[in-house]
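S.K.: okay, sequence plus prediction incoming.
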Amino acid sequence: FINKNTFLTPNFLYALNHFLYFRMRLILILQRIRLNFKLEYLMRKIQMVDLKSQYQSIKEEVKESMNEVLESTAFINGPKVHEFQKNLENYLGVKHVIPCANGTDALQIAMMALGLKPGDEVITADFTFAATVEVIALLGLTPVLVDVDPINFNIDTKAIENAITPNTKAIVPVHLFGMCANMETIHEIAKKHNLFVIEDNAQAIGANYTFSNGIKVKSGTMGHVASTSFFPSKNLGCYGDGGAIFTNDDELAHKIRGIVNHGMYKRYHHDVVGVNSRLDAMQAAVLDIKLKHLDNYNSKRRAAAKAYTSKFLNHPNLITPSGSSSCDGICSSCDCHVFHQYTLRVIDADRDGLVAYLNANGIPCGVYYPIPLHKQKAYTDIRYNEVDFKITNMLSDQVISLPMHSELDEEQIDFIASKILEYLN
C-alpha cells in the first residue's frame, strides 16, 4: 500500500490512520455479525421436542425392529408386544405391565378394573392435563380437584386430607413434569381412609422415588395401579399413540387384561365389560428400542435442566425447578426428576410477553397449564371455592416451559437463556 515513491504528507498519514481505525472497527462489527449469524442461523433449529434428531441416532435399530414386525405380519398382540411388555416389567421392577392404545385409555381402564361406581369421589390435582379428570367424569365418578405444591407442582397432601368425605374412594396423584408426588404421605392417607391409589405416570417414567427408610422404587410401581402414556413427546414415546397399565396385584392384572380386549379371556367369551384398547406391534417395536436408551435420555434431560438452571440462578424474576425436598436445586446424583418439562415460574414480570418474545426469536415454549381444571367449563362445580386453589391459580399465571429433550445442545441452551435474560433485563 505504501511504497518508496509515496509522498508522506501529514494529510496522507491522517487519512491512513483513519483508514486503519475504521478497518479495525469493521472487522469487529463483522465478527459480531458472524457470531450472531452462527447462533441464529447456523445453529440447529430449536424444537420443543426434537424427535427427528433423536431418531437419527437410533434409526438403524428402529428400522430393524419394525422390519421384524413387517416380516412376521403379527401386527396385533404379536411377539414384539409381549417382548416389550416383559422388558418394561423388568425395567420398572413391577409384576405386570398391560399395554393399551393410549395413556387416557390406560387411566380409564385402571379405574374400571377397581370397580369404582358412579357417584364415587376421586381426588386429583387441579393443575394437570385434562385427561386425568376427563376419565373420572366419563365413568360417572365424581372428580374432586385440589390444590398443588408451589415448589414441585404436585398434589398437595394436606389438601387431599381436607377433601376426603365418606364417598371418597380413590386418589390419583399425577407425577407432573417428571417428578413423583409425595407418595409416602399419600400411602399413609390412603391406608388410613381405605382408599385406592392410582398413579398417573404419563410424565415421569424412569423417575425414582426414595422412601424415608431408604427404599428406592420406580415411578408407577407404588400405587394399587398406575397408568402411563407413550405419546411421541413423552420421555419414552412411540411414533403414534400408545399406553400401558402397571400393577403388582395379580387379580387386578387379570381383570385389566380382559378389559383391554373387549372383556374376553377366551375368544368370543365376554366375562367383563371391556373396551378395545391395544398397543399395536409397530409401536411396541419402537418402544422396545427406545426403552434401552431411556436412562440415557433421562440423564441428558437432567443435564440440560442443570445447564438451564445455571443460567438463571438467583435471578429476581425467575424460580427454577428442583428435585425432591432433600435436594438443593438439581443435585449431581438427582434421579428423582426426569424433566419431561423444564418449567420456570416468572415472578413480577410479563410471562405472556416473554412467550411472545421467545416465539419471535424462533424459540418454542409452552404454558402448561394456562387454565386450571376447576375453571374449565366441563369441570366447574359449585362446591369449589377460589381460596382453595391459590397455588394453581398463581401457577397458571406464572409458568413457562422451555424446550426440553435429549438432543438439546449447549449452543441452543445458551441462546434460549440469553433471550430470556435479554427480555427480563
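M.R.: Ah, there it is.

S.K.: what pLDDT is listed against the residue lying closest to residue 229 once chain neighbours are set aside?
M.R.: Nearest residue to residue 229 in three dimensions, chain neighbours excluded: residue 103, at 2.4 Å (Cβ to Cβ, 6 or more residues apart in numbering). Heads up, the C-betas are built off the backbone N, CA and C, glycines and all. You'll see residue 103 listed with a pLDDT of 98.

S.K.: wait, what's in contact with residue 103?
M.R.: Applying Cβ atoms under 8 Å, 6 or more residues apart in numbering to residue 103 gives the contacts 131, 202, 227, 228, 229, 230, 231, 243.

S.K.: now, which of these lie within helices?
M.R.: Of the positions in these, residue 131 sit in helices, assigned by DSSP state H.

S.K.: now the two most distant members of the contacts of residue 103.
M.R.: Spatially, the most separated pair among these is 131 and 230, at 13.7 Å (Cβ to Cβ).

S.K.: who's more crowded, the two?
M.R.: Applying other Cβ atoms under 10 Å to residue 131 and residue 230 shows that residue 230 carries more neighbours, namely 30 against 19.

S.K.: which ones are touching that one?
M.R.: Going by Cβ under 8 Å, 6+ apart, residue 230 touches 102, 103, 236, 237, 238, 241, 242, 243, 244, 279, 283, 287.

S.K.: closest to residue 87 out of these?
M.R.: The nearest member of the contacts of residue 230 to residue 87, counting by Cβ to Cβ, is residue 287 at 9.0 Å.

S.K.: tell me the SS of that closest one?
M.R.: helix (DSSP: H, G, I helix; E, B strand; the rest coil).

S.K.: I'd say it and residue 81 touch.
M.R.: No - contact criterion Cβ atoms under 8 Å: residue 287 and residue 81 do not qualify, at 9.5 Å.

S.K.: which strands or helices does the strand or helix carrying residue 69 pack on?
M.R.: Per DSSP states H and E: residue 69 is located in helix 51-72. For helix 51-72, the packing partners by 3 or more Cβ pairs under 8 Å, 6 or more residues apart in numbering; DSSP states H and E come out as helix 79-92, helix 281-312.

S.K.: and the closest residue to residue 170 other than its chain neighbours, how far from residue 163?
M.R.: Nearest residue to residue 170 in three dimensions, chain neighbours excluded: residue 196, at 4.0 Å (Cβ to Cβ, 6+ apart). Relative to residue 163, residue 196 is positioned 15 Å away (Cβ to Cβ, to the nearest Å).

S.K.: highest average neighbour count across the helices and strands packed on helix 51-72?
M.R.: Among the helices and strands packed on helix 51-72, ranked by average contacts under mean count of other Cβ atoms under 10 Å, first place goes to helix 281-312 (a mean of 20).

S.K.: residue ranges with poor pLDDT in this structure?
M.R.: 1-10, 12-13, 30-41, 324-333 (pLDDT under 70).

S.K.: center of it, which residue is that?
M.R.: For the chain, residue 340 is the residue whose C-alpha lies nearest the centre (Cα atoms, centre = their mean; 2.7 Å).

S.K.: all helices in this protein, in order from the N-terminus.
M.R.: Under DSSP H, the chain gives helices at 10-37, 51-72, 79-92, 103-113, 131-138, 157-163, 183-193, 250-259, 281-312, 351-360, 390-398, 410-424.

S.K.: buried residues in the shortest one?
M.R.: For helix 157-163, the buried set under the neighbour-count rule, 16 or more other Cβ atoms under 10 Å, comprises 157, 159, 160, 163.

S.K.: ok, now the fifth one?
M.R.: By neighbour count on 16+ other Cβ under 10 Å, the buried set for helix 131-138 is 131, 132, 133, 134, 135, 136.

S.K.: from these, which single one is nearest residue 176?
M.R.: Each of those was scored against residue 176 by Cβ to Cβ, and residue 132 proved nearest at 10.0 Å.

S.K.: from residue 117, how far off is the closest one?
M.R.: Distance, residue 132 to residue 117, by Cβ to Cβ: 19 Å.
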